[in-house]
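In: give the three-dimensional model of this entry:
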Amino acid sequence: MKKIYCLLICLAFNISLFSQSIEQIKSDTITYIWGEGSGTTLKKAEQMASSMILEQIASMYKSKFLLLKSEFNLADIDNNFTEVFNSIMRTYSGPLLKNSEKIVVSNEPDARVFHYMKRINTDNIFAERKNKIIGLTEEGMDALKNNKISDALRYYYWAFTLLRSHPDGSSIDLTSDNQMQNLLATWLPIQINSIFTGLSVMVADTNTPGTSLSINLNIYFHNIPVSNLDYSFWDGNTWSNIISAKDGLGYVDFANFTSAKDDVKLKIEYIFEEEATIDSELRDVMRILDPVPYRNSSLIAKRGDAPGNLNVQGIIAKKTVASDSSWLSRSISVLPEEEHVPFEQVMGRVTASFKTRDFNTIINDFTPEGFKMFQDLVQYGQARILGIPSYRFVRFGDDVICRSIPMNFKFANNYKQFVEDIVFHFNSSGKIFNLSFGLSNQALNDIVNKDTWNEKVRLVLVTFLENYKTAYALKRLSYIESIFSDDALIIVGSVLRTATDDGNKYLDNRIIRYNRYTKTEYLKNLKLSFQSNEFINLKFEDNEIRKSGKGGEIYGIQIRQNYSSTNYGDEGYLFLMVDLNNPDLPIIHVRTWQPQKNPDGSIYGLGDFN
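Out: Here you go, the predicted structure:
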């Protein structure tokens with residue numbers, strides 16, 4: 001009884017201290033701003049309290065939103081601007097919670113919460129968004145250097161969108177490569193427009209199967225094939241789904257030739273509203289603000305009376321831009337021309353089968369497993385060959401690799417269409433036993449230019465990554481299961497530190513447990529994802545591969561990954577720790593994925609697991 005009495009006294013004393021502290025904060029309006037809320041749940045109470053603080057901060061900063069205010073005429077300032085401004089301020093609720101202190105006065109079901117922060121710290125609420133604006137701008141600059149036009153447009157436009165939502169939007173600047181201080185409010189729109197004006201399109205060839213019309217395009221930025229570009233075209237009635245060009249290859253398809261009698265209109269994608277959902281703040285800001293129109297985002301593909309006279313921007317049709325094989329002659333030994341004939345004959349039959357869609361005629365050119373993969377591939381997104389392929393053959397042990405056939409893929413339940421290079425693997429008997437989606441030119445160059453490694457290692461790494469991305473596209477769960485070690489460390493996200501786990505030699509105390517999966521758990525989730533998605537498409541960019549100093553042929557692969565599927569899309573950074581001591585059976589010991597780089601600009605790598 002005495003213990004209970006003492007406990008009640010202590011509890012009453014603590015409540016008294018609580019109340020005293022809250023009252024002191026409320027009375028010190030020079031130092032603090034505060035809010036309090038109540039509700040049946042703590043979440044509702046917290047929302048009410050944070051709304052009170054945001055209203056006070058809004059009144060302090062409203063006059064600073066000059067860039068946003070410049071979008072409204074004087075007659076709209078009082079009503080429309082105020083409404084948009086208040087909505088924008090609500091997008092700062094997340095940073096507010098990070099920068100304010102919270103006191104839970106009472107718990108559910110009669111929840112009461114008190115939030116407060118020092119006035120001098122209110123700038124911190126906007127600091128995170130400023131860093132994001134600068135980070136996106138820098139990402140855009142890096143993308144442009146590598147001719148990733150879609151990435152550059154996306155990052156620049158997203159940066160400008162967030163800039164419009166920032167109180168310092170009219171004054172944030174950044175030092176560019178030429179060491180000039182550029183005011184982003186003017187510099188970003190100029191950069192976006194300059195990208196549009198730097199684009200050019202040439203017709204590679206045309207095809208008229210039946211009454212339809214297919215036009216293959218070569219797409220350049222300042223006369224260099226684009227690494228990527230997203231666009232749509234006017235089909236006579238509406239704008240098409242988004243088409244993702246790759247390594248300079250694109251296309252337009254008209255269901256009826258007569259619908260293409262006028263000039264073909266292309267519209268370059270730069271808003272990327274669907275992809276913006278990966279960032280909740282960006283998503284909310286984009287829903288509030290009106291899109292910024294860019295007239296230069298439209299290109300006209302002019303055509304004559306017949307398909308053979310088709311031209312784009314006055315340039316007459318030319319041959320399809322070189323496929324992903326141009327890097328081979330520089331870095332990897334190609335098969336001597338006198339040995340090409342049997343493989344060229346097989347590839348000729350394969351490409352011809354796409355015209356008739358009678359694939360059973362080429363069944364003898366495949367192994368049983370290879371033909372099953374081929375069937376899966378041609379059923380994946382109504383595969384169609386683009387242009388006239390330019391083959392290169394590479395000797396890889398007893399096998400031969402053929403690079404490559406460019407194809408496009410489109411899906412009934414998706415707004416986006418893809419271009420991919422398909423790579424064919426021949427066994428010693430001259431039969432195709434494996435197919436894969438090729439890496440981009442840049443991703444290939446990142447690997448094959450590592451000439452300190454022998455040729456075999458570089459080809460093993462290329463083949464491994466291409467098989468890896470293909471396994472997700474074709475939902476080859478058994479293959480994915482085979483390449484993960486039984487004790488593989490699989491991590492998604494980054495939150496907390498943990499103590500060392502002696503049960504797994506690849507884990508140290510800097511890596512988190514949150515969203516850490518066993519191999520069985522990961523495969524179970526992956527199986528559900530395969531079942532619920534019509535398609536999955538992985539794109540790899542910005543490879544960084546290092547060899548470990550321990551364990552022989554152990555490699556760390558850091559790679560930027562764009563993931564698209566029927567009902568989900570994201571982008572982030574993938575790290576794979578791969579054992580290639582047996583090149584015929586690569587084994588993944590560590591797989592991590594993080595949506596953003598670490599605060600110091602790094603991503604997980606070999607140093608975290610050695």
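
In: can you pull out the low-pLDDT segments for this structure?
Out: 1-20, 178, 208-211, 256-263, 301-332, 413, 493-514 (pLDDT under 70).

In: give the buried residues for stretch 578-587.
Out: 578-580, 583, 586-587 (16 or more other Cβ atoms under 10 Å). Where C-beta positions appear, they are placed from N, C-alpha and C, glycine not excepted.

In: kindly export that stretch (C-alpha atoms) in PDB.
Out: Taking C-alpha atoms only, stretch 578-587 is exported to PDB below (Å, rounded to 0.1, in the frame of the first residue of the first chain):
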ATOM      1  CA  VAL A 578      28.500 -11.200 -55.700                       C
ATOM      2  CA  ASP A 579      30.700 -14.300 -55.500                       C
ATOM      3  CA  LEU A 580      32.100 -15.100 -59.000                       C
ATOM      4  CA  ASN A 581      34.600 -17.700 -57.900                       C
ATOM      5  CA  ASN A 582      32.500 -20.100 -59.900                       C
ATOM      6  CA  PRO A 583      31.700 -18.000 -63.000                       C
ATOM      7  CA  ASP A 584      29.000 -20.500 -64.100                       C
ATOM      8  CA  LEU A 585      27.200 -20.100 -60.800                       C
ATOM      9  CA  PRO A 586      27.300 -16.500 -59.500                       C
ATOM     10  CA  ILE A 587      26.100 -16.200 -55.900                       C
END
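
In: so which of the buried residues of stretch 578-587 belong to helices?
Out: Members of those lying in helices (criterion: DSSP state H): none.

In: just give me the closest of those to residue 481.
Out: Residue 481 lies nearest to residue 587 out of the buried residues of stretch 578-587, by Cβ to Cβ, at 11.6 Å.

In: please name the bridge partners of that closest one.
Out: residue 579 (DSSP bridges).

In: where do the helices of the stretch 151-300 of the chain begin and end?
Out: Counting by DSSP state H, counting those that start in this stretch, the stretch 151-300 of the chain has helices at residues 184-198, 280-288.

In: how far away is the residue nearest to residue 246 when sequence neighbours are not counted from residue 400?
Out: Among residues not flanking residue 246 along the chain, residue 419 sits closest, at 4.2 Å (Cβ to Cβ, 6 or more residues apart in numbering). Residue 419 sits 24 Å away from residue 400, going by Cβ to Cβ, to the nearest Å.

In: and residue 48, by the same measure?
Out: 68 Å.

In: also residue 128?
Out: On the measure of Cβ to Cβ, residue 128 and residue 400 end up 52 Å apart.

In: one more: residue 515?
Out: Separation of residue 515 from residue 400 (Cβ to Cβ): 41 Å.

In: do residue 285 as well
Out: 52 Å.

In: same check, this time on residue 148
Out: The value you get for residue 148 to residue 400, if Cβ to Cβ is used, is 31 Å.

In: how about the strands in the stretch 1-150 of the chain?
Out: For the stretch 1-150 of the chain, applying DSSP state E, counting those that start in this stretch gives strands covering 32-39, 101-106, 111-118.

In: list the strands paired with the second one, with their directions.
Out: For strand 101-106, the paired strands and their directions (DSSP bridges) read strand 111-118 (antiparallel).

In: contacting residues around the strand it pairs with?
Out: Under the contact criterion Cβ atoms under 8 Å, 6 or more residues apart in numbering, strand 111-118 has outside partners 22, 25, 31-42, 44-46, 48-50, 52-53, 96-97, 99-106.

In: now do stretch 133-150
Out: Outside stretch 133-150, the residues within contact range by Cβ under 8 Å, 6+ apart are 151-156, 158-159, 162-163, 166, 172, 174, 176-177, 184, 188, 191, 195, 199, 221, 224-230, 244, 269, 442, 541.

In: restricting to C-alpha, output that stretch in CSV.
Out: Taking C-alpha atoms only, stretch 133-150 is exported to CSV below (Å, rounded to 0.1, in the frame of the first residue of the first chain):
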residue,chain,number,x,y,z
ILE,A,133,16.0,21.1,-54.7
ILE,A,134,19.8,21.4,-55.0
GLY,A,135,20.2,17.6,-55.0
LEU,A,136,17.7,17.2,-57.8
THR,A,137,19.4,20.0,-59.8
GLU,A,138,22.8,18.3,-59.4
GLU,A,139,21.2,14.9,-60.5
GLY,A,140,19.9,16.7,-63.6
MET,A,141,23.3,18.1,-64.4
ASP,A,142,24.9,14.6,-64.1
ALA,A,143,22.2,13.0,-66.2
LEU,A,144,22.7,15.6,-69.0
LYS,A,145,26.4,14.9,-69.1
ASN,A,146,25.5,11.2,-69.9
ASN,A,147,22.8,12.1,-72.4
LYS,A,148,20.1,10.7,-70.1
ILE,A,149,17.6,13.2,-71.4
SER,A,150,14.5,11.9,-69.6
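
In: just give me how far stretch 544-562 sits from the chain centre.
Out: Offset of stretch 544-562 from its chain centre (Cα atoms, centre = their mean, to the nearest Å): 21 Å.

In: buried sites along it?
Out: For stretch 544-562, burial by neighbour count (16+ other Cβ under 10 Å) applies to 545, 547-548, 553-562.

In: do stretch 416-428 as well
Out: Of the residues in stretch 416-428, 416-426 count as buried by neighbour count, 16+ other Cβ under 10 Å.

In: I figured residue 387 hits residue 406, correct?
Out: Yes: counting by Cβ atoms under 8 Å, residue 387 touches residue 406, with 6.4 Å between them.

In: got the strands of the stretch 1-150 of the chain as JSON lines, with mean neighbour count columns?
Out: Below are the strands of the stretch 1-150 of the chain laid out as JSON lines (neighbours: other Cβ atoms under 10 Å):
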{"stretch": "strand 32-39", "mean neighbour count": "19"}
{"stretch": "strand 101-106", "mean neighbour count": "14"}
{"stretch": "strand 111-118", "mean neighbour count": "20"}
